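J.: this one's sequence-less:
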DNA sequence: CCGATATCTCAGCGGTTGCTGAGATGTTGT
DNA sequence: ACAACATCTCAGCAACCGCTGAGATATCGG
């Protein structure tokens, strides 16, 4: 079935619109170097904002904005460090990561 | 290793910036309902522009713009129908699809 | 050859998005 | 209590993006 050829004599006008909303939402969150960098960094474990800011070469308030979007999207969550509560450590929400990966995979087959 | 806790006493400032450029490029192409819909439709085989336009409820010139971006990104290619060369049938470039999926998966783990 | 069909290109516009700067909140160490 | 630190919020601006409309190209049918 792969690499099929166009054999139909007439175009079909009755195709259903596929539901891609969740994949589009996940892709929009990944479609930025800073947000993608955050998710990649967090794949190896939690990091605080200042760690990620220096790793990604971004200002902390800028990073904070992107973290807010990832939080709103449910992909990450934050927790204060137990020994020094000044530091907010972010970690991935694995359930949401799995869901995002599934949604993207559904579009890319 | 999953759901690890923040245990470090001091933040690290020596983390390397991860390379996410290809994942960001792939995500940007997926981060639009029409482009994602195109890719989803093409997962089941080739379609001409008018088929996809009616399925996605978009104008043909608008769709053509999105197809151009997917073409530039290498994710799809076009071929004229053998029996009626008026129709341009688009199909996925499977190699590029696999590469895009791999780039996205590298960010999401 | 001409009208209809299928598709593309491009300029223009309106909405969205990301970065910055300034100020606010909360925490620590002294 | 206060200064330094870590982080957040938000308004403002510049850049980008997608939709539209108009016109161009290519192919078919008569």
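T.: Looks like it arrived, so ask away. Bear in mind that the values here come from a model prediction, so they are computed numbers and not experimental data. Numbering: from 1, shown residues only, chains lettered A, B, ... in the order given.
J.: Now do the SS call for residue A:77.
T.: At residue A:77 the chain is in strand, as set by DSSP: H, G, I helix; E, B strand; the rest coil.
J.: partners of it in the sheet?
T.: Taking DSSP bridges, one obtains residue A:91 as the residues bridged to residue A:77.
J.: ok, now which ones touch it?
T.: A:71, A:90, A:91, A:93 (CB atoms under 8 Å, 6 or more residues apart in numbering or on different chains). From N, CA and C alone the C-beta is placed, and that goes for glycine too.
J.: What's the separation between it and DNA strand D?
T.: Shown here: residue A:77 relative to DNA strand D, a distance of 10 Å by CB to the nearest atom of the strand, to the nearest Å.
J.: pLDDT at that residue, what is it?
T.: You'll see residue A:77 listed with a pLDDT of 97.
J.: By proximity to DNA strand C, which residue of chain A wins?
T.: Residue of chain A nearest DNA strand C, by CB to the nearest atom of the strand: residue A:85 (3.2 Å).
J.: Show me how far stretch A:71-83 is from its chain's centre.
T.: 15 Å (CA atoms, centre = their mean, to the nearest Å).
J.: same check, this time on stretch A:73-85
T.: How far stretch A:73-85 lies from its chain's middle: 17 Å, per CA atoms, centre = their mean.
J.: Next, the distance between the ends of that stretch.
T.: 25 Å (CA to CA, to the nearest Å).
J.: same check, this time on stretch A:61-81
T.: Note: stretch A:61-81 ends 19 Å apart using CA to CA.
J.: One more: stretch A:77-86?
T.: The first and last residues of stretch A:77-86 sit 16 Å apart, counting by CA to CA.
J.: and chain A, which residues reach DNA strand C?
T.: A:11, A:28, A:31-35, A:58-59, A:61-62, A:65-66, A:69, A:80, A:84-86 (CB under 7 Å from any atom of the strand).
J.: Among these, which ones lie close to chain B?
T.: Among those, the residues lying close to chain B (CB under 8 Å from any CB of the partner chain) are A:11, A:28, A:31, A:32, A:33, A:84.
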